[in-house]
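Q: Quick check, what structure comes out for this input:
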Amino acid sequence: MTLEICANSVESARIAYESGAQRVELCNNLNEGGTTPSYGQVALAVKLLKIKVFVLIRPRAGDFLYSDLEFDIMKQDILMCKHLKCDGIVIGLLQKDGQIDYERTKELVSLAAPMEVTFHRAFDQCKDPEKAIEAIIQTGCKRILTSGMKESVATGIENIGRFIRQANGRIIIMPGRGVKASNINEIRERTGAMEFHTSAKKTQGSSMTFQFPGMKTTELEWMQSDANEIKRILRELQK
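A: Numbers count the residues shown, from 1 in each chain. Predicted structure coming up:
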């Protein structure tokens with residue numbers, strides 16, 4: 001069983017590593033669905049962590065239909081990850097009609113080699129998931145992150161099981177979005193999944209003793225990986 005933590009900072013990645021996670025997906029701006037982290041964040045994560053580090057390659061929030069300039073940015077960020085010796089990258093590209101952007105995805109997979117490539121939850125916005133799975137397999141991606149075409153794994157669990165049966169070992173189907181200690185064993189039992197993805201995050205309050213008058217406390221808060229939740233999830237997986 002593999003637990004991947006979506007870490008929105010090097011500190012969150014460190015917490016995930018020290019709590020026992022087997023892999024992190026490093027990103028920025030988790031509240032917007034994640035964007036590519038900085039060179040410094042990636043370099044430090046690779047240096048400090050003794051587990052696999054995957055990096056989200058996403059130049060902006062929003063949809064997954066990218067301009068030529070955005071595609072060039074993605075390629076440069078992949079080369080950065082290769083230079084820093086990351087273990088993998090996470091991408092997702094769609095065409096206007098909701099089909100997988102096969103040619104561009106295949107190009108990025110080739111550029112990323114020998115790093116592993118995960119196709120992220122852009123999959124959950126595609127037009128035809130069964131056709132998309134076959135296309136993604138042909139691009140050379142190693143896994144697909146999905147909530148089962150639903151808002152969360154709790155409501156998409158039946159679809160996830162169906163996708164895993166269709167994949168039949170040719171590609172890893174990894175449930176993500178809403179994976180918690182309280183439901184991970186049900187997800188595993190009902191789908192047969194072997195890898196799981198979660199942010200396991202909590203709100204981190206500020207240690208500032210001075211707060212500018214009129215500023216809301218929430219403006220000083222941020223999200224960070226929760227060591228206790230990660231450990232609870234891992235204990236459940238070990239049952």
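Q: The residue with the largest distance to the centre of the chain: what secondary structure?
A: Distance from the C-alpha centroid of the chain, by C-alpha atoms, centre = their mean, peaks at Pro213 (37.8 Å). Of the three states, Pro213 takes coil under DSSP: H, G, I helix; E, B strand; the rest coil.
Q: Where does pLDDT dip in this structure?
A: Scanning the chain for pLDDT under 70 picks out 218.
Q: which residues in it form helices?
A: Under the criterion DSSP state H, helices of the chain are mapped to 10-19, 39-48, 68-83, 102-112, 129-139, 153-167, 184-191, 227-237.
Q: buried residues in the last one?
A: For helix 227-237, a neighbour-count test (16 or more other C-beta atoms under 10 Å) marks Ala227, Glu229, Ile230, Lys231, Arg232, Ile233, Leu234, Glu236, Leu237 as buried. For every residue, glycine as well, the C-beta is placed using N, CA and C.
Q: what does it contact?
A: 1, 3, 5, 15-16, 18-21, 179-181, 184-185, 188, 196, 198, 200, 202 (C-beta atoms under 8 Å, 6 or more residues apart in numbering).
Q: ok, now with 6 Å
A: Met1, Ile15, Ser19, Gly20, Ala21, Ala181, Ile184, Asn185, Ala200 (C-beta atoms under 6 Å, 6 or more residues apart in numbering).
Q: now the angle from that helix to helix 10-19?
A: Angle of helix 227-237 versus helix 10-19, following axes from the mean of the first three to the mean of the last three C-alpha atoms, to 10 degrees, is 40 degrees.
Q: Could you check how far helix 227-237 is from the centre of its chain?
A: 18 Å (C-alpha atoms, centre = their mean, to the nearest Å).
Q: what's the closest non-adjacent residue to Gly98?
A: Closest residue to Gly98 apart from its sequence neighbours, by C-beta to C-beta, 6 or more residues apart in numbering: Lys127 at 3.2 Å.
Q: Next, count neighbours for that neighbour.
A: Neighbourhood size, Lys127 [other C-beta atoms under 10 Å]: 12.
Q: these two touch, right, it and Lys96?
A: No: Lys127 is beyond contact range of Lys96, at 10.4 Å (criterion: C-beta atoms under 6 Å).
Q: just the helices of the chain: most buried one?
A: A comparison of the helices of the chain by mean neighbour count, using mean count of other C-beta atoms under 10 Å, puts helix 10-19 on top with a mean of 21.
Q: Now tell me what touches it from outside.
A: Outside of helix 10-19, the residues within contact range by C-beta under 6 Å, 6+ apart are 5, 7, 24, 26, 41, 44-45, 49, 51, 224-225, 227, 230-231.
Q: go with 7 Å
A: 5, 7, 24, 26, 41, 44-45, 48-51, 224-225, 227, 230-231 (C-beta atoms under 7 Å, 6 or more residues apart in numbering).
Q: what's the answer for stretch 30-37, then?
A: 6, 8, 26-29, 55-61, 77, 199, 223.
Q: Now a ChimeraX select for only the buried ones of those.
A: The following ChimeraX line selects those of the contacts of stretch 30-37 that are buried, judged by 16+ other C-beta under 10 Å:
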select :6,8,26,27,55,56,57,58,59,77,199
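Q: Looking at the contacts of stretch 30-37, which are in strands?
A: Cys6, Leu26, Val55, Leu56, Met223 (DSSP state E).
Q: which of the residues you listed sit farthest apart?
A: Val55 and Met223 (18.4 Å; C-beta to C-beta).
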